[in-house]
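Colleague: Pasting a predicted model and its sequence here:
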Amino acid sequence: MDFSWSKEQLALKEKAKTFAQEHLNTDVSQKERNNIFPTEEWKKCADFGVLGWPFPKEYGGSGYDIMTAVLMLEGLGYGSSDNGLPFSLNSQMWSTQVAIEAFGTDDQKKKYLRKLISGTVGAFGITEEGSGSDTYALEMTAEKVDGGYILNGEKHYITLAPICEIAVAFATTNPKLGRWGITAFIVDRSMDGFTVSEVRDKVGMRTTPMGNLYFKDCFVPEENRLGKEGSGLSLFSSAMESERGYIFASQIGRMEKQLELTIKYANSRKSFGKTIGNFQAISHRIANMRLRLETSKMHLYKVAYLDQQKLPLMKEAAMAKLYISEAFVESSTDFIRIFGAKGVVTEYEIDRDLRDGLGGLIYSGTSDIQRNIIAKLDGVQ
């Protein structure tokens, strides 16, 4: 595996950094405090091509290979002081868009993937109130009728749900078949019986709206079924490999920014007559931050390499999601501890990384679920 980067790839990463620094950092604290989705910045990202970086040009994408795309997303995270916006972009790209690209018909891709790449907001709805880690314990139903399906049920804790215009929603078309009876559908807000909740308040990632999707006798035409009836398991598994592998690509960029800010502070802040970087307790924390950053990169790049080579990546995606999410929390804690009082006073905006990182231990499958996956794929009975 060659993880060296060409001059062109590094230039694209720098371009993404500069774009984020210049266009994505307006009034972040105010938006974060008030759960405000950065609509203008989202549109700027779409116009800059972010949502289409790894997708085919024929559907409005940029056609970058997967390794180049994740490197650019890293740059985006470095330049953005708002973790929520890059997380929202990654969430939509690696779940909703990937599902439509992988399983959609050409007509579905032209109609929906193009819209999503151009900035329409999409949600990926599988989680229900009683089916979180037990993903396939769905209660939402899809009854086959003339010309389509009638959907009834609710989805909870869904990223971008309150503002979505399109949703990929999972329902059971045959409860007797269990997970093999699950089917996915593309639902849009123009369909009667499809509504969304208000934004649900949460501890971090507050610029990323989270909420519920409601389906009440919602008729979805057969042409909006995504994949074959009963193929929901395969579709979900495919999308989750991408989401788990790449959803925190931008957080790696933020970890790089944290490290730079921390080193600068450690070399300027004095205590007991010398800069605090001279104290072993501080220098060791900084060393750990560097170790986590570089190890996180290796996990991310390995997933991208395997993906690019069309090789199996389920275990590697689970390891990437597990390691990067936990590393971000640990480095964000060190970030606060090194800055001391400034780290816990919100005006310095240092605490936000830790709050934003906590959800990463839950999103896309908890850390415990990732460990289960890894152990099972290693042969643990």
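Modeller: Perfect, thanks for sending it.

Colleague: so how many other residues sit close to the closest residue to Tyr214 other than its chain neighbours?
Modeller: Once flanking residues are discounted, Tyr214 sits nearest to Thr195: 4.7 Å by CB to CB, 6 or more residues apart in numbering. Placement of C-beta: from N, CA and C, glycine included. Using other CB atoms under 10 Å, the number of residues around Thr195 comes to 12.

Colleague: Check the one 10 residues further on too.
Modeller: When counting by other CB under 10 Å, one arrives at 25 neighbours for Met205.

Colleague: For the closest residue to Leu73 other than its chain neighbours, give me its contacts.
Modeller: What sits nearest to Leu73 in space, not counting adjacent residues and going by CB to CB, 6+ apart, is Ala249, at 4.1 Å. Listed by CB atoms under 8 Å, 6 or more residues apart in numbering, the contact partners of Ala249 are 70, 73-74, 77, 90, 300.

Colleague: For the helix or strand that Ile186 is a member of, name the packing helices and strands.
Modeller: Per DSSP states H and E: Ile186 is located in strand 182-188. Contact here means 3 or more CB pairs under 8 Å, 6 or more residues apart in numbering; DSSP states H and E; on that basis strand 182-188 packs against helix 98-103, strand 148-159, strand 166-172, strand 210-221, strand 225-226, helix 232-246.

Colleague: quick one: which of the contacts of Ala249 sit in helices?
Modeller: Among those, the members falling in helices (DSSP state H) are 70, 73-74, 77, 90, 300.

Colleague: quick one: which of those is nearest Trp53?
Modeller: Here the nearest of the ones in helices among the contacts of Ala249 to Trp53, counting by CB to CB, is Leu73; it sits at 7.4 Å.

Colleague: Could you report the neighbour count for that closest one?
Modeller: Counted with other CB under 10 Å, residues neighbouring Leu73 total 29.

Colleague: how does the chain divide into domains?
Modeller: Here the domain assignment for the chain is 7-121, 123-230, 235-377, based on automatic domain parsing.

Colleague: so what's Gly104 closest to, chain neighbours aside?
Modeller: Distance criterion CB to CB, 6+ apart; nearest residue to Gly104, sequence neighbours excluded, is Leu226 at 6.1 Å.

Colleague: Please report the number of neighbouring residues for that neighbour.
Modeller: 23.

Colleague: now do the one 10 residues further on
Modeller: The criterion is other CB under 10 Å. On that basis, Phe236 has 22 neighbouring residues.

Colleague: right, so of the domains of the chain, which gets closest to Met1?
Modeller: It's domain 235-377; of the domains of the chain, that one is closest to Met1 (CB to CB) at 5.1 Å.

Colleague: model confidence over the closest one, on average?
Modeller: Average pLDDT, domain 235-377: 96.

Colleague: The residue nearest to Gly104: what's it in contact with?
Modeller: 99-100, 103-104, 108, 168, 183-186, 235.

Colleague: quick one: it from Arg292, how far?
Modeller: 37 Å (CB to CB, to the nearest Å).

Colleague: Same check on Glu143?
Modeller: To Arg292, Glu143 is 49 Å away according to CB to CB.

Colleague: list the buried ones in stretch 265-283?
Modeller: Residues 265-266, 276-277, 282 are the ones in stretch 265-283 that count as buried (16 or more other CB atoms under 10 Å).

Colleague: can you check stretch 18-35 too?
Modeller: For stretch 18-35, the neighbour count (16+ other CB under 10 Å) marks 19-20, 23-24, 28, 31-32, 35 as buried.

Colleague: How far away from the center of its chain is it?
Modeller: Remark: stretch 18-35 is offset 18 Å from the chain centroid, using CA atoms, centre = their mean, to the nearest Å.

Colleague: what do you get for stretch 14-29?
Modeller: For stretch 14-29, the separation from the chain centroid amounts to 18 Å (computed by CA atoms, centre = their mean).

Colleague: Stretch 365-381 too?
Modeller: 20 Å.

Colleague: Return the set of buried residues in that stretch.
Modeller: Neighbour counts over stretch 365-381 (16+ other CB under 10 Å) mark 365-367, 369-370, 373-374 as buried.

Colleague: Repeat that for stretch 145-161.
Modeller: 148-161.

Colleague: Distance to Leu12 and pLDDT added to those residues, as JSON lines?
Modeller: Converted to JSON lines, the buried residues of stretch 145-161 look like this (distance: CB to CB, whole Å; pLDDT from 0 to 100):
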{"residue": "Gly148", "distance to Leu12": "43", "pLDDT": "98"}
{"residue": "Tyr149", "distance to Leu12": "42", "pLDDT": "98"}
{"residue": "Ile150", "distance to Leu12": "46", "pLDDT": "98"}
{"residue": "Leu151", "distance to Leu12": "41", "pLDDT": "98"}
{"residue": "Asn152", "distance to Leu12": "45", "pLDDT": "98"}
{"residue": "Gly153", "distance to Leu12": "42", "pLDDT": "97"}
{"residue": "Glu154", "distance to Leu12": "41", "pLDDT": "97"}
{"residue": "Lys155", "distance to Leu12": "35", "pLDDT": "97"}
{"residue": "His156", "distance to Leu12": "37", "pLDDT": "96"}
{"residue": "Tyr157", "distance to Leu12": "34", "pLDDT": "96"}
{"residue": "Ile158", "distance to Leu12": "31", "pLDDT": "97"}
{"residue": "Thr159", "distance to Leu12": "26", "pLDDT": "97"}
{"residue": "Leu160", "distance to Leu12": "26", "pLDDT": "98"}
{"residue": "Ala161", "distance to Leu12": "32", "pLDDT": "98"}
